[in-house]
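K.L.:
structure here, sequence nowhere to be found:
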DNA sequence: GCATTATTTGGACAATTGTCCTAATCATGC
DNA sequence: GCATGATTAGGACAATTGTCCAAATAATGC
């Protein structure tokens, strides 16, 4: 059945184009050309632009869950799991310096457009927040777990934001090391 | 001379609309309607959309300089000056939760558009970074001044980013208090 | 091999985009 | 009060937007 794979391919292309150029600036035509289908065929799968956005957000939610599950499977200790999250900044430094964080920039754009899918996009942040909170809870941080999770998330967002503006790779590495240092400080404070 | 005030008015309206809706999503027509002038008259002042963006960035640079100068004039101590910067997040919490940080979101959008004025927009960040660095230097942080300045800037950016996504005012207040706490810790570490 | 879907195509559509021009109106100096 | 230049109005323009449709083609079940 060609339908499922064609649909999947459209979502994949749209996801990439939305990330690299933004949702509003990416047109039906852009996606169709890159996906190698006619604009008419496009309409067969998605009636409106918002429907594609919805599918792209779904895909990102799904891939985020898979990534978080992967980290849990690969690293047994919460500290290493959290470090894996932080080091995303280094692993993705090139696209981040070019186009920012995929989650943060999408949320920011949808906020400006006052878009209905604004909250669904924020759910991706929610996944990270909840996952980080879980790791901190395993570490023994009870009341502070939620706050620490949001703090790590915010910190990494800030690093991505400045990295996009200044294109400074050294800055990313330094801040990632600082976050890791902060993390170890928190962990040490728990054993008292 | 009507020319100067009309031109100034256009820039002011464009600045606001670019912030609230984004550069790409704001049209000539939007600005003209809101400014109460005809689209034809618009062209008399600005030939291209990039020219308006250029003027808006100029205006933001100028207002940022004025704000930073104001803080220096009002607060004699560097600590209070830096706190004034951090508390921008609280003072502007409503628009930040609705449309993000004006500087961060503009830089992110221009990065995605691969726009020529990308670096000029990043200059606004540069003003904040340089000013913060100066304050830390007065405090006695020599080699660390630049790093600390970028750290505070990134931190506040991250808070703005998550605040836009989650619309969580309590989170903003908590993080601002944390930044102030971190700042006092740095200051204390300097007197050793 | 025929009938019925599923899929794809190319283009129509009204609206909007940034850009540009001409003609009218205004203000000012003399 | 007239001439000159500054300012404004309104619309033309080609291109592009998201949306939608009818007809052609491909795939499938019987």
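P.N.:
In hand now; what should we look at? Given the structure is predicted, the values throughout are model-derived calculations rather than measurements. Numbering: from 1, shown residues only, chains lettered A, B, ... in the order given.
K.L.:
going forward, measure contacts and count neighbours with C-alpha atoms only.
P.N.:
Fine.
K.L.:
let me know the pLDDT of the residue nearest to residue A:75 when sequence neighbours are not counted.
P.N.:
Closest residue to residue A:75 apart from its sequence neighbours, by Cα to Cα, 6 or more residues apart in numbering or on different chains: residue A:81 at 5.8 Å. Listed pLDDT for residue A:81 reads 98.
K.L.:
which residues of chain A lie near DNA strand C?
P.N.:
A:1-4, A:6, A:37-44 (Cα under 7 Å from any atom of the strand).
K.L.:
try it again at 6 Å.
P.N.:
Applying Cα under 6 Å from any atom of the strand, one finds that chain A approaches DNA strand C through A:1-3, A:6, A:37-41, A:44.
K.L.:
Serialize those to a markdown table and add fields for pLDDT.
P.N.:
Listed next are these as a markdown table, based on pLDDT from 0 to 100:
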| residue | pLDDT |
| --- | --- |
| A:1 | 49 |
| A:2 | 64 |
| A:3 | 71 |
| A:6 | 92 |
| A:37 | 93 |
| A:38 | 91 |
| A:39 | 89 |
| A:40 | 90 |
| A:41 | 92 |
| A:44 | 94 |
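K.L.:
which of those residues sit farthest apart?
P.N.:
A:1 and A:39 (20.3 Å; Cα to Cα).
K.L.:
looking at those two, which one has more neighbours?
P.N.:
It is residue A:39, of residue A:1 and residue A:39, that has more neighbours when counted by other Cα atoms under 10 Å in any protein chain shown, with 14 against 5.
K.L.:
quick one, which of the residues of chain A next to DNA strand C are buried?
P.N.:
Neighbour-count burial (16 or more other Cα atoms under 10 Å in any protein chain shown) is assigned, among those, to residue A:6.
K.L.:
kindly identify which of the residues of chain A next to DNA strand C also come near chain B.
P.N.:
Counting by Cα under 8 Å from any Cα of the partner chain, nothing from the residues of chain A next to DNA strand C sits close to chain B.
K.L.:
from the residues of chain A next to DNA strand C, which land in helices?
P.N.:
Counted as lying in helices by DSSP state H, out of these, are A:2-3, A:6, A:39-41, A:44.
K.L.:
nearest to residue A:131 among these?
P.N.:
The closest of those, once distances to residue A:131 are taken by Cα to Cα, is residue A:6, at 32.2 Å.
K.L.:
would you mind measuring from the closest one to residue B:22?
P.N.:
Distance of residue A:6 to residue B:22, computed by Cα to Cα, to the nearest Å: 32 Å.
K.L.:
Throw the residues of chain A next to DNA strand C into JSON lines and include distance to residue B:137, thanks.
P.N.:
Compiled in JSON lines, these are given as follows (distance: Cα to Cα, whole Å):
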{"residue": "A:1", "distance to residue B:137": "66"}
{"residue": "A:2", "distance to residue B:137": "63"}
{"residue": "A:3", "distance to residue B:137": "62"}
{"residue": "A:6", "distance to residue B:137": "58"}
{"residue": "A:37", "distance to residue B:137": "58"}
{"residue": "A:38", "distance to residue B:137": "60"}
{"residue": "A:39", "distance to residue B:137": "58"}
{"residue": "A:40", "distance to residue B:137": "61"}
{"residue": "A:41", "distance to residue B:137": "61"}
{"residue": "A:44", "distance to residue B:137": "61"}
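K.L.:
what about the closest residue to residue A:93 other than its chain neighbours, neighbour count?
P.N.:
Once flanking residues are discounted, residue A:93 sits nearest to residue A:169: 7.1 Å by Cα to Cα, 6+ apart. Look at residue A:169: counted by other Cα under 10 Å, it has 15 neighbours.
K.L.:
now the one 4 residues further on
P.N.:
Using other Cα under 10 Å, residue A:173 has 16 neighbouring residues.
K.L.:
quickly find the element holding residue A:64.
P.N.:
Using DSSP states H and E, residue A:64 maps to helix A:49-74.
K.L.:
that helix and chain B, are they touching?
P.N.:
No: counting by Cα under 8 Å from any Cα, chain B has no neighbours in helix A:49-74; the shortest distance is 14.2 Å.
K.L.:
how about stretch A:20-30?
P.N.:
Yes: for stretch A:20-30 and chain B, the contact criterion (Cα under 8 Å from any Cα) is met by A:20-22, A:24-25.
K.L.:
near DNA strand D, which residues of chain A show up?
P.N.:
Close to DNA strand D, as judged by Cα under 6 Å from any atom of the strand, chain A has residues A:1, A:26-29, A:39-40, A:43, A:47-49.
K.L.:
repeat that for 7 Å
P.N.:
Counting by Cα under 7 Å from any atom of the strand, chain A sits next to DNA strand D at A:1, A:24-30, A:39-41, A:43, A:47-50.
K.L.:
now the buried members of these.
P.N.:
Listed as buried from the residues of chain A next to DNA strand D are A:25-26, A:28; burial here means 16+ other Cα under 10 Å.
K.L.:
dump these into CSV; add secondary structure and pLDDT as well.
P.N.:
Below are these laid out as CSV (DSSP: H, G, I helix; E, B strand; the rest coil; pLDDT from 0 to 100):
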residue, secondary structure, pLDDT
A:25, coil, 96
A:26, coil, 97
A:28, helix, 93
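K.L.:
how about the helices in chain A?
P.N.:
A:2-21, A:28-35, A:39-45, A:49-74, A:78-86, A:88-91, A:93-99, A:102-113, A:118-139, A:144-166, A:169-190.
K.L.:
how about those in TSV, adding distance to residue B:60?
P.N.:
Below are the helices of chain A laid out as TSV (distance: least, Cα to Cα, whole Å):
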stretch	distance to residue B:60
helix A:2-21	24
helix A:28-35	33
helix A:39-45	41
helix A:49-74	32
helix A:78-86	32
helix A:88-91	29
helix A:93-99	22
helix A:102-113	19
helix A:118-139	27
helix A:144-166	16
helix A:169-190	25
